[in-house]
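Chemist: build me a model from this:
(2 chains)
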Amino acid sequence: MKLTKRTLMAGTAALALTLGHGAPAQAEFPERPVEMTILFGSTAQTIGQLLSELMSEHLPERVVPVQRTGGGGSVGYQYVDGTAPDGYNIVWNSNSISTTYHSGALDFDHTAFTPIAKISTEVTAIAVNANSGWESLSEMAEAIKAEGRPLRIGASGRGSFTHLATEAVLEAIGLADDAIHVPYDAGRAPVELLAGRLDAALQWPGQFVSHHEAGDLRILCVTSDERISMLPDVPTCHESGAEGVSMVMWRGLAAPAGTPEDRILILEEAARLATESERFHEAARTIGFEVTFADHAEFGEQIASDDAMLEELMTALGLKE
Amino acid sequence: MELLFSAATVALAPGALLAVFLGSLLGVIFGAIPGLTFTVAMALVVPVSFSLETAPAIGMLLGTYIGGMTGGSVSAILLGIPGTPSAAATVMDGYALTKRGKASLALGTAVAASAFGGLVSLIVMIVSVDIVAKLALHFGPAETFALLLFGLSTICGLSQRSLLKGLVAGVLGLMIMTIGVDEMEGVRRLTFGTVTLQQGINLLVAMIALFAVPHVIDAFVKYYRSDTPPDGVSDVRVELPTLRDLGKTFWLMLRCSLLGTGIGAIPGTGGPIAAFLAYAHARKVSREPEKFGRGSMEGVVAPESANNAVTGGTMIPLLSLGIPGDPGTAILLSGLLIHGLTPGPMLFIQHPGEIYQIYLAIIVSYLCVVAIQLVGIRFFVQLLRVPAHLLAVGIIVMCGYGSFSIRNSVFDVYTVAILGVLAYGLIKARIPLTPIILGIVLGPSLEREFRTALILSGGDASVFWTSAPTIIFMGLAVVVIGTQVVRSVHATFTPKKSGISRDASVKSEK
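Modeler: Numbering: from 1, shown residues only, chains lettered A, B, ... in the order given. Got it, this is the predicted structure:
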């Protein structure tokens, strides 16, 4: 029952799409399900699954999410890179295309893919134990320098996005040489903070929010250049003492380079409609990401500029291979 | 109380009950079929749960998780192939009981022990979520490392026949898990410059390879060697345990349930280690330790009550701290998030109603699982009528399909084939496989906790013996290893009696 309804809806949507563009040739794509490769578990997987479901409503065929995790995203990138550029294989990508390439895990870079659309942005946050008394990054930096001991700061493994953001912040507050990076796996950092084994942690804000509201942890700042809707009262790291820091992770869709532009446009339109839906915005509020749709051209520019920025940062950190 | 009633009206509404039932059924089926696992089932359920209301959505996910954890024992007992890593310890005595014609009795006991363990852990969770969560905070990397090391030391106990061969197996397991990208430093290990090997060996893939493939090869070898084609067991009696039988193991069940809950509450541990520790404990306190490995009911009760107690245990850090303890709870976490329930201290303040709904869903789910299994046992045991070589064909298909579906990777299918043939060779060399699984399960966590502890302490190794938990677990590990070494040295210098197979995959008739 549900299936027929969805097919009907998808059909109607596709019809509307075709009429809107006035190009009958476009109606033929997609003739079979489009496979969306998902590179990571947890929230990346959840958002990707929801996005594919919502995109399916605006296309004659379904978009099917398929998990291909491993190697920090390189396994999935390699798979999609090896598929035909016909629009039937797309990847739910992120800045990881730059970090995997520059760390030497992949032998091709972002130019192997044609951007379809930017979908969302996730911002990392820095938290400390509320008992520390630190209200801002500058207070933390001063206290650590006065005590003359290294800052123990938790993030994910070396070369991960949270690690790079950590290093960018530490550089800006002058603690780059006085910090120990403690790599943690999924979700462990808040516990280590609560237990007092860490001084600070940089993670996705969703992990801290509940503890922040309960008053056990304090989120000092978010790494974006604007405050985020989830935490309107939390300053940016720039405001908090780390001048010039702007680290955000985008997620979007891309297809192998050489995919025909008309197909890219059809997928971009379906993605746009999906991101405008109430369900997607509701998920953004509950999971904690910003809906920041951008078309393929604008997305392409951002991928290129972020790639240059990450390359520079990774070279400075000695992570570039 | 009012909250409980209003939660009950939501959680016990027909739609929510149906969702929990369907989830439990799916979990049991996926858990019971070798090759398919409940993490795959949960990943399938998540998109469905998006469009459901909160109570049925969470109920369905919980049902799948609990059903899968319980269902894993079915194939462990019937076929000697654990359906989930947590059921690996159940194989040792469960499969031995099947070979003695007591399959249905073992299955029934396993279900009862599972439900008991799950409900005990739920009670502990309701009563003491705050205390347990605070206690779990004291388990830093050094403490967790000590606990895992203690868990690994039980390898010695699992390979009584030859300490050396047990250690060979354990180290093999540890080595298999070093393949891939090191999460902490991002170093690529043993990948030979390929991207494919960066994904490493998945635990579930390794488990399918180690337990299922040798079983299949063995069935074919036997079929082609013997002149008369072997038939399945023609007389399959369905015999369920009585309450009196279960009552005899009440205290063991309770102890193992508490053990499982405690271990589940500590992030970085999980079901398999709880099951193995419970098994080791049961054998230690048993009046008939010599029966272990040859079909002891206690050897089924202990791991099954412990691994299901882990489900309640992992809910403690998940709900109160927002930390997923295993792949199952990680999927559960995303299900909670999509419905606006952010785990953490505020969850209990902002959404007390939903918390009660979760508790009720867990109870309903266990009732469903017990009902499904009690009906199911009658059908499950019929599987034994199928001749082994025909069953093997079905198993190999499910394993190929199952290993692919975990990560949609053909690499995993090849891995099953290669590791499986190696495992058959190891069995022929009389090297036990269970320590390999223990090594594979514990290896990555053991390494991560060890390194994190040293990073935190600035390279000072004294963190491993300066806190109370580390002293206790390190001490226990030393005692376990010490006694085994002394015993094995003693055994080498005294005339040897014929050894008893400790490994379920080694057929007794060989």
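Chemist: could you measure from B:Leu17 over to A:Gly300?
Modeler: For B:Leu17, the distance to A:Gly300 equals 50 Å [CB to CB, to the nearest Å]. Any C-beta I mention is one placed from the backbone N, CA and C, and that applies to glycine too.
Chemist: how about low-confidence regions in the stretch 151-300 of chain A?
Modeler: Scanning the stretch 151-300 of chain A with the threshold set as pLDDT under 70 gives A:186.
Chemist: tell me the residue of it that sits nearest chain B?
Modeler: A:Ser210 (2.2 Å; CB to the nearest CB).
Chemist: need the contact partners of the helix or strand harbouring that residue.
Modeler: Per DSSP states H and E: A:Ser210 is located in helix A:209-214. Residues outside helix A:209-214 that contact it (CB atoms under 8 Å, 6 or more residues apart in numbering or on different chains): A:127, A:190, A:194, A:217-219, A:230-231, A:288, B:321-322, B:342-347, B:349.
Chemist: tell me the centre residue of chain B?
Modeler: Centroid-nearest residue in chain B, with CA atoms, centre = their mean: B:Ser86, separated by 0.4 Å.
Chemist: excluding residues flanking it in the chain, which one is nearest that residue?
Modeler: Using CB to CB, 6 or more residues apart in numbering or on different chains and skipping residues adjacent in sequence, the residue nearest B:Ser86 is B:Gly271, 3.2 Å away.
Chemist: so who does the one you found touch?
Modeler: By CB under 8 Å, 6+ apart, the residues touching B:Gly271 are B:Met69, B:Thr84, B:Pro85, B:Ser86, B:Gly260, B:Gly264, B:Asn307, B:Val310, B:Asp326.
Chemist: distance check, the last one against chain A.
Modeler: Between B:Asp326 and chain A the distance is 11 Å, computed by CB to the nearest CB, to the nearest Å.
Chemist: how does chain A divide into domains?
Modeler: A:2-122+A:248-316, A:125-240 (automatic domain parsing).
Chemist: can you put the ones you listed in TSV and add mean neighbour count?
Modeler: Output for these, formatted as TSV (neighbours: other CB atoms under 10 Å in any protein chain shown):
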stretch	mean neighbour count
domain A:2-122+A:248-316	19
domain A:125-240	20
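Chemist: strands along the stretch 51-200 of chain A, start to end?
Modeler: In the stretch 51-200 of chain A, the segments counted as strands under DSSP state E, counting those that start in this stretch are A:63-67, A:89-94, A:113-123, A:125-129, A:151-155, A:179-183, A:200-203.
Chemist: now render those as TSV, adding distance to chain B.
Modeler: TSV is the format used below for those (distance: least, CB to the nearest CB, whole Å):
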stretch	distance to chain B
strand A:63-67	5
strand A:89-94	12
strand A:113-123	13
strand A:125-129	12
strand A:151-155	6
strand A:179-183	4
strand A:200-203	11
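Chemist: which one of those lies nearest to A:Ala283?
Modeler: Closest approach to A:Ala283 among these (CB to CB): strand A:113-123, 9.6 Å.
Chemist: how many other residues sit next to the residue in the stretch 251-400 of chain B that chain A sits nearest to?
Modeler: Proximity of the stretch 251-400 of chain B to chain A (CB to the nearest CB) peaks at B:Gly344, 2.2 Å away. Here the number of neighbours of B:Gly344 (other CB atoms under 10 Å in any protein chain shown) works out to 27.
Chemist: surely B:Tyr424 touches B:Asp218?
Modeler: Yes: between B:Tyr424 and B:Asp218 there is a contact at 7.4 Å, judged by CB atoms under 8 Å.
Chemist: what's the residue nearest to A:Leu137 when sequence neighbours are not counted sitting at in phi/psi?
Modeler: In space, and not counting its chain neighbours, A:Leu137 is closest to A:Gly241: 3.8 Å by CB to CB, 6+ apart. Here is the backbone geometry of A:Gly241 (degrees, to the nearest 10): phi 130, psi -10.
Chemist: go on, B:Ala133?
Modeler: Main-chain torsions, B:Ala133, degrees, to the nearest 10: phi -60, psi -40.
Chemist: what pLDDT does it get?
Modeler: Note for B:Ala133: predicted pLDDT of 82.
Chemist: and it, how far from B:Gly140?
Modeler: Between B:Ala133 and B:Gly140 the computed distance is 15 Å (CB to CB).
Chemist: and after the helix or strand hosting B:Val111, which helix or strand comes next?
Modeler: Using DSSP H and E, B:Val111 sits in helix B:103-137. Note on helix B:103-137: by DSSP H and E, the next helix or strand toward the C-terminus is helix B:141-158.
Chemist: backbone dihedrals for the closest residue in space to A:Leu59 that isn't next to it in sequence, please?
Modeler: Nearest-residue entry for A:Leu59: A:Ala270, 5.0 Å, with adjacent residues in sequence omitted and distances by CB to CB, 6+ apart. Backbone torsions for A:Ala270, taken as degrees, to the nearest 10, come to phi -60, psi -40.
Chemist: distance of A:Ala270 relative to A:Ala117?
Modeler: In this structure, A:Ala270 and A:Ala117 are 9 Å apart, going by CB to CB.
Chemist: do a quick rundown of the helices in chain A.
Modeler: A:2-21, A:42-56, A:74-81, A:96-102, A:137-147, A:161-172, A:189-194, A:209-214, A:237-240, A:261-276, A:278-283, A:296-316 (DSSP state H).
Chemist: which of those sits closest to A:Gln203?
Modeler: Of these, the one closest to A:Gln203 (CB to CB) turns out to be helix A:189-194, at 5.1 Å.
Chemist: the closest one near chain B at all?
Modeler: Yes: residues of helix A:189-194 are located near chain B by CB under 8 Å from any CB of the partner chain, namely A:Pro190, A:Val191, A:Glu192, A:Leu194.
Chemist: these into a markdown table, with extra columns for distance to A:Leu54?
Modeler: What follows is the residues of helix A:189-194 next to chain B, written out as a markdown table (distance: CB to CB, whole Å):
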| residue | distance to A:Leu54 |
| --- | --- |
| A:Pro190 | 31 |
| A:Val191 | 34 |
| A:Glu192 | 36 |
| A:Leu194 | 36 |
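Chemist: show me which of those residues is closest to A:Arg152.
Modeler: A:Glu192 (8.9 Å).
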